[in-house]
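> Got a predicted model here, sequence first, then my questions.
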Amino acid sequence: MPDKMEEEEITSTSDMSIAPLIDIDAYAPVKMANRVGQLGVAKANLGFLTTFFLSVNAGVFIALGIQLAMLVTHTATSNLGLNALVGGVAFTMALVLIVITGAELFTGNCLIAMSFFARKITGKDLARNLTIAFIGNFVGALTVVFWIYVSAQWTTNNHLLGAKIVIAAIDKVNMPFSVAFVRGVLCNALVCLGIWLCFSARNNLDKILSLLWPIACLIACGFEHCVVNMWLIPMGIILKGNRFVIEAAEKVHGENLDIANLTFFKGFLIDNLFPVVLGNLFGGIVLVAGVYWFIFLRQPKK
Amino acid sequence: MVGNKVKNPIKTKKPVKAAKSIKIPKSAEVPKRVQIFDFDAYSPSQIASRINTVAFVKAKYSTAQTFWMGINAGVYIALGAQFATLVISDSTLHFGLTSLMAGIVFSLGLILVVVGGAELFTGNCLIIIGYVDKKVTSKEVFNNWTISFIGNLIGSLIVVCFMYQSHQWEFFHDMVGAKALLIANKKVNLSFEAAFARGVLCNSMVCLAVWLCFSARNVTDKIISLVFPVGGFIASGFEHCVANMYFIPMGVVLKKNPEVVAAAEKMAGKTINLSQLTWKGFVINNQIPVILGNVVGGVILVGIMFWFIYLRPKINISFNIKEDFPQGRQ
């Protein structure tokens, strides 16, 4: 099949002779794949400090986005689906900031795997970038945990905001391995698709509109994003020591809350972050980067 | 970095067979698509250098220019703040949605500032980038900040005066005034560290909003990039010192009106303690910690952070992939 296609130049415009001199169209998928591959090489070549601080930024942005989504949805008692949608739209702020300021997000960086599959960077480069991004995101998210805790924003609305955060964190740490893994896969497939769409964009409006649907979907549907959990669960762990927050949470939740598993090592790192990170890696590297590499960048067999 | 095994640039195949494919004779000269103008949004490192240039330009403004543009900024932010107060005054939506609505509406202030051009104290914290890059002297930075701050204060107080005389707070059976009073009272009753931390978070988001705008090519881009961070910080209840220059004085002025206080107590469902809502409470309980927080958030967490990432000496990075990497087959 590839040999035949050498002869036939296939274009989206039916007549090549009227191809414009100046190209301001959105990038076509083939070109997007090229741009992702090139950016992957650029990102793998960044110095340690630059990558690290860019990833701290990404962690901060995601944490700001999820605290906003929590605030927007915390008092909803009816129309829960619609409110989840509003929370998702509010969370899109995080990805808008990341994409336009060029921060290094662990989940989004899974797209770099395209350059790895195309053999432009080594596996070591990919692993190095993802590891630095992961640590930087963690540091950034924990910084925001500190600032939000000091700002006493969780006391908003008679501690109901804190209660919402604690309940969400409890849900996340009490998930079976398979559920957390699959939700992680779905989440990062959507994140990487959102970022993939941004490579087609020419301007900010294009980027933001392309991000809005996938990102709002993943937060509204409750999929598991490991960097979001790096803010949400530590915040829940800190807030569970506050009597007023727990009282409010019990009032909202209806029955006695089981906060036993809301711990840093057992609950957060082992029960949640481990399966979610695995799921995120699978969803991003295999399902998006791998598939698009296979479609657009694969070298033909000779 | 790139292994020796692969020498070819990234090559692509177009595997999708279009419905109407055409055969091109070898002789036909197809005009090659070229890129003469750059229509894409500015890349992150370009944003940093553009802000660096703007910091230099802003620092060279005369005192009168900075002052009058500072008054503009104060007026614009106050207009956004009063708009937000009006829109959420009798909301029956739940708390979260109401705050989000206030945030989106408040973006009016920042849109006027960014598109219209004004010297906003919080946004001008980014001038520090010019200072650490040794383009601007510390005296120029200090002058710009103090003069724009004074301008912002005067502008906001002018709007307070106008809004009070307009009797707009009587709308919806004094509900607008009652809401303004409750907002102001909440702001003056924050503890020092809470106000400080909210100031830090607020100005980080404001400076990020300004940062995003420097990536934009047109006004649509600017507005849509602004709405997310600005709507976010108002919805989250963070403290912006210039917005508070409208919110709290308005509360202080409205406190003397017994009808507004009665409506506010009805709205809150309990008697409210207004003892802190004075000019002294405005300056000491709110402005001092919030200004400190705003400076830390804007100068250190955004300005110096981004300077370190993109502009520090001995750094050679670019996200502008069009320049640095050969394009694959098109």
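Ah, there it is.
> low-confidence ranges in the chain?
Picked chain A for this. Applying pLDDT under 70 to chain A picks out residues A:1-21, A:301-302.
> You answered for a different chain; I wanted chain B.
For chain B, the stretches flagged by pLDDT under 70 are B:1-37, B:314-330.
> Strands of that one, start to end?
Taking DSSP state E, chain B contains no strands at all.
> Spatially central residue in it, please.
Centroid-nearest residue in chain B, with C-alpha atoms, centre = their mean: B:Val206, separated by 3.1 Å.
> residues contacting that residue?
B:Val206 sits next to B:Leu110, B:Thr122, B:Gly123, B:Pro229, B:Val230, B:Phe233, B:His240, B:Gly298 when contact means C-beta atoms under 8 Å, 6 or more residues apart in numbering or on different chains. All C-beta spots, glycine's among them, are computed from the backbone N, C-alpha and C.
> go on, B:Phe171?
If a contact means C-beta under 8 Å, 6+ apart, then B:Phe171 has B:Leu86, B:Ser89 as its contacts.
> hmm, 6 Å instead?
By C-beta atoms under 6 Å, 6 or more residues apart in numbering or on different chains, no residues touch B:Phe171.
> now A:Trp231
Contacts of A:Trp231 (C-beta under 6 Å, 6+ apart): A:Ala63, A:Ile66, A:Ala141, A:Val144.
> Just name the closest of the residues you listed to chain B, please.
Distance ranking of the contacts of A:Trp231 against chain B, using C-beta to the nearest C-beta, places A:Val144 first at 8.0 Å.
> Grab the nearest non-local neighbour of the closest one.
A:Ala63 (3.5 Å; C-beta to C-beta, 6 or more residues apart in numbering or on different chains).
> The one you found contacts A:Leu142, correct?
No - assessed by C-beta atoms under 6 Å, A:Ala63 is found out of contact with A:Leu142, at 8.5 Å.
> which of these two has more neighbours?
Neighbours per residue (other C-beta atoms under 10 Å in any protein chain shown) separate A:Ala63 from A:Leu142, with A:Ala63 holding more: 27 against 17.
> And the helices in the stretch 51-200 of chain B?
With DSSP state H, counting those that start in this stretch, the ranges of helices along the stretch 51-200 of chain B come out as B:63-88, B:95-116, B:128-132, B:138-166, B:171-188, B:192-213.
> which of those helices is buried the deepest?
Mean neighbours per residue, mean count of other C-beta atoms under 10 Å in any protein chain shown, is largest over the helices of the stretch 51-200 of chain B for helix B:192-213, with a mean of 26.
> hey, C-alpha coordinates of that helix in PDB?
Provided in PDB are the C-alpha atoms of helix B:192-213 (Å, rounded to 0.1, in the frame of the first residue of the first chain):
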ATOM      1  CA  PHE B 192      -3.700  38.500  59.100                       C
ATOM      2  CA  GLU B 193      -2.300  35.200  57.700                       C
ATOM      3  CA  ALA B 194      -5.500  34.300  55.900                       C
ATOM      4  CA  ALA B 195      -5.600  37.700  54.200                       C
ATOM      5  CA  PHE B 196      -1.900  37.400  53.300                       C
ATOM      6  CA  ALA B 197      -2.200  33.900  51.800                       C
ATOM      7  CA  ARG B 198      -5.300  35.000  49.800                       C
ATOM      8  CA  GLY B 199      -3.400  38.000  48.600                       C
ATOM      9  CA  VAL B 200      -0.500  35.700  47.400                       C
ATOM     10  CA  LEU B 201      -2.900  33.300  45.600                       C
ATOM     11  CA  CYS B 202      -4.800  36.200  44.100                       C
ATOM     12  CA  ASN B 203      -2.000  38.100  42.600                       C
ATOM     13  CA  SER B 204      -0.400  34.900  41.200                       C
ATOM     14  CA  MET B 205      -3.500  34.400  39.300                       C
ATOM     15  CA  VAL B 206      -3.800  38.000  38.100                       C
ATOM     16  CA  CYS B 207      -0.200  38.100  36.900                       C
ATOM     17  CA  LEU B 208      -0.800  34.700  35.200                       C
ATOM     18  CA  ALA B 209      -3.800  36.300  33.400                       C
ATOM     19  CA  VAL B 210      -1.600  39.200  32.300                       C
ATOM     20  CA  TRP B 211       1.000  36.600  31.200                       C
ATOM     21  CA  LEU B 212      -1.500  34.700  29.100                       C
ATOM     22  CA  CYS B 213      -2.600  38.000  27.400                       C
END
